[in-house]
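Visitor: Build the 3D model from these lines:
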Amino acid sequence: SGPTEVTKTKANSKDLLTLIDPLCEKTIKDTVVESFPDHDFLGEEDVPPGKEASAAALDALLEKSNDWLWIVDPIDGTTNFVSGMPLCMPSVAVAYKGEVVVGVIYDPHRDEMFTACKGQGAFMNGERIVVGVQDDIGDAVVAMGSPPGPESMEMSLRGIQVLMPKVRTIRMLGSAALMFAWVANGRLTCYWEYDLSSWDQAAGALLVREAGGKFTNLAGEEWQVRDRKVCATNGKVHDAILASLREANVVE
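Guide: Predicted structure coming up:
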């Protein structure tokens, strides 16, 4: 399909919203509420723009007494969607007491459903998936973002200057959900990002871990749902990627 009309921008002129985003979120939320009326729901379109608002919204829900929280991005990759690029999709995660226990990313363009439940492995269309086998950073296919925020943009530019000479290639696909899913099934070796909201990464974090990969913050610590600076890899190149980001002064 062709381009889609932009309704408005959010945090800045590069952060887009269409009429379709809130409609997709409402459809997902209505379905969840019908089956699980007592569960909490965090959707991207319910939250004001900016990383502070995103973090505050997550904190508020995690601090409530309800154990179950759905974390949803109705269309991850809105700029791709607006431009008619088949690189956009919903990402849905369920957390129990702050720990993600279910993750689903559905790529409608390729009809690929990525699913994971904690402790039960990761799957694509019902078939078990595992991360890639590359054990040298020189063989790694690394994905990263082209973020709209000035600070994140600066850190991405620092990272790419150090990583590009070391890895096989770098890709910017414009959808965090897709890049996490592709790390999980081995199409990508790594995806790192300086700043991501919970709805961009919650489902992907579980997928990568259940596929045998490693998912940490940029300090190398085990990922928690409140983390925003993240690195997902096949595990074998994880330390080398983080070392390169430290070299680039992305990681303090």
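Visitor: can you pull the buried residues of the longest helix anywhere in the chain?
Guide: For the chain, the helix with the greatest residue count under DSSP state H is helix 20-35. Residues of helix 20-35 classed as buried under the neighbour-count rule (16 or more other Cβ atoms under 10 Å) are Ile20, Asp21, Pro22, Cys24, Glu25, Ile28, Lys29, Val32. Where C-beta positions appear, they are placed from N, C-alpha and C, glycine not excepted.
Visitor: With respect to Val104, which of the residues you listed is nearest?
Guide: Ile28 (10.5 Å; Cβ to Cβ).
Visitor: my guess is the closest one meets Ile75, correct?
Guide: No - between Ile28 and Ile75 there is no contact, the gap being 10.5 Å when judged by Cβ atoms under 8 Å.
Visitor: Which residues are in contact with each of those two?
Guide: Pro90 (Cβ atoms under 8 Å, 6 or more residues apart in numbering).
Visitor: Just the element for the closest residue to Lys118 other than its chain neighbours, please.
Guide: Residue nearest to Lys118 in three dimensions, not counting chain neighbours: Val101, with 4.4 Å by Cβ to Cβ, 6 or more residues apart in numbering. According to DSSP states H and E, Val101 maps onto strand 99-107.
Visitor: For that strand, which helices and strands make contact with it?
Guide: Strand 99-107 is packed against strand 89-96, strand 112-117, helix 176-184, helix 198-210, with contacts defined by 3 or more Cβ pairs under 8 Å, 6 or more residues apart in numbering; DSSP states H and E.
Visitor: Now do the longest one: distance to the chain's middle.
Guide: Which is helix 198-210. The chain centre lies 6 Å from the centre of helix 198-210; the measure is Cα atoms, centre = their mean, to the nearest Å.
Visitor: Pull the residues that contact the next helix or strand after that helix.
Guide: Sequence order places strand 214-217 as the next helix or strand after helix 198-210, per DSSP H and E. Residues outside strand 214-217 that contact it (Cβ under 8 Å, 6+ apart): 204-205, 208-209, 222-224, 227, 229-235, 238, 242.
Visitor: How much space separates Val72 from Leu206?
Guide: Going from Val72 to Leu206 by Cβ to Cβ, to the nearest Å gives 14 Å.
Visitor: Please say which of these two ends up with more neighbours.
Guide: Leu206 (30 against 26; other Cβ atoms under 10 Å).
Visitor: Excluding chain neighbours, what is closest to that one?
Guide: Once flanking residues are discounted, Leu206 sits nearest to Gly103: 3.7 Å by Cβ to Cβ, 6+ apart.
Visitor: For that neighbour, which residues are in contact?
Guide: Gly103 neighbours (Cβ under 8 Å, 6+ apart): 91-94, 114-116, 202-207, 210.
Visitor: ok, those residues vs Val47, which is closest?
Guide: Scanning those for proximity to Val47, where the rule is Cβ to Cβ, the winner is Ala202, at 13.9 Å.
Visitor: wait, isn't the closest one in contact with Ser91?
Guide: Yes - using Cβ under 8 Å, Ala202 makes contact with Ser91 at a distance of 7.5 Å.
Visitor: Distance check, the most centrally placed residue in the chain against Pro37.
Guide: Ranked by distance to the mean C-alpha position of the chain (Cα atoms, centre = their mean), the top residue is Gln201 at 3.0 Å. Taking Cβ to Cβ as the measure, Gln201 falls 26 Å from Pro37.
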